[in-house]
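In: sequence and predicted structure are below.
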Amino acid sequence: EDKVVQSPLSLVVHEGDTVTLNCSYEVTNFRSLLWYKQEKKAPTFLFMLTSSGIEKKSGRLSSILDKKELFSILNITATQTGDSAIYLCAVPPAGGTSYGKLTFGQGTILTVHP
Amino acid sequence: NAGVTQTPKFQVLKTGQSMTLQCAQDMNHNSMYWYRQDPGMGLRLIYYSASEGTTDKGEVPNGYNVSRLNKREFSLRLESAAPSQTSVYFCASSEFGGGARNEQFFGPGTRLTVL
């Protein structure tokens, strides 16, 4: 059974701080790892990391995948109050008939104070 | 494009009542999903539909049924609601269910309370 564990479960910082969110996974036949940001409502897609692309960057957010150690980190630099959200990571199954059964971690609740 | 839409946004039920949550997507996606989200539990898959005409159980299917009415619509039914089903329910869709690329687009959610 695939397993995704995120840490920390919650984090409180002040604007301007840099944060690192962790996601470790156990899956058979790794395919990809996805990061989502969830503000008040629906999760929205941030990054997908695959075997052929182990680092992604978008503005102040960046993510790295370590396939050997089976984890990914999401970095946010110069945090802003708008970064306050739940950050979720997820992995899809190995394939076959499992289709899109993403396994999500518990999420990290990030709170950024002014 | 409206993306993924869900109705209702909020619902309060009494134990034993039934209801159907509706979901529709206008992105011509093949695969659709129902999740529930509880504090500290992340998102857990209830049911999914890899393509029109097919449905399959996810991680927590007990107490729920689904119908993939057509390519656009995927409904979730609670036949006899229980307090343990108090949760926020999200519908999602993706172009394809398989493969390494599996970006899912989520609806705004339905907050359900069962008394």
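Out: Everything's here; your move. Just so it is clear, the model here is predicted, and its values are computed rather than measured.
In: now the most centrally placed residue in chain B: which helix or strand?
Out: Centre of chain B computed as the mean C-alpha position; nearest residue by CA atoms, centre = their mean is residue B:34, 2.4 Å away. Element membership of residue B:34 [criterion: DSSP states H and E] is strand B:31-38.
In: packing partners of that strand?
Out: Contact partners of strand B:31-38 among helices and strands, from 3 or more CB pairs under 8 Å, 6 or more residues apart in numbering or on different chains; DSSP states H and E: strand B:19-25, strand B:42-49, strand B:64-68, strand B:74-78, strand B:87-94. All C-beta atoms are positioned from the backbone trio N, CA, C, and that covers glycine.
In: distance to chain A, mean pLDDT and mean neighbour count added to those, as CSV?
Out: Converted to CSV, those look like this (distance: least, CB to the nearest CB, whole Å; pLDDT from 0 to 100; neighbours: other CB atoms under 10 Å in any protein chain shown):
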stretch, distance to chain A, mean pLDDT, mean neighbour count
strand B:19-25, 12, 97, 19
strand B:42-49, 4, 91, 23
strand B:64-68, 13, 96, 18
strand B:74-78, 12, 97, 20
strand B:87-94, 5, 94, 24
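In: what's the closest of these to residue A:67?
Out: The closest of those to residue A:67 is strand B:42-49. By CB to CB, the value is 22.2 Å.
In: residue B:108: neighbour count?
Out: Applying other CB atoms under 10 Å in any protein chain shown, we find 15 residues neighbouring residue B:108.
In: what kind of secondary structure is it in?
Out: Secondary structure, DSSP: H, G, I helix; E, B strand; the rest coil: residue B:108 is coil.
In: still on that earlier bit, export the helices and strands packed on strand B:31-38 as a markdown table, with columns for distance to residue A:113.
Out: Converted to a markdown table, the helices and strands packed on strand B:31-38 look like this (distance: least, CB to CB, whole Å):
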| stretch | distance to residue A:113 |
| --- | --- |
| strand B:19-25 | 36 |
| strand B:42-49 | 24 |
| strand B:64-68 | 39 |
| strand B:74-78 | 37 |
| strand B:87-94 | 25 |
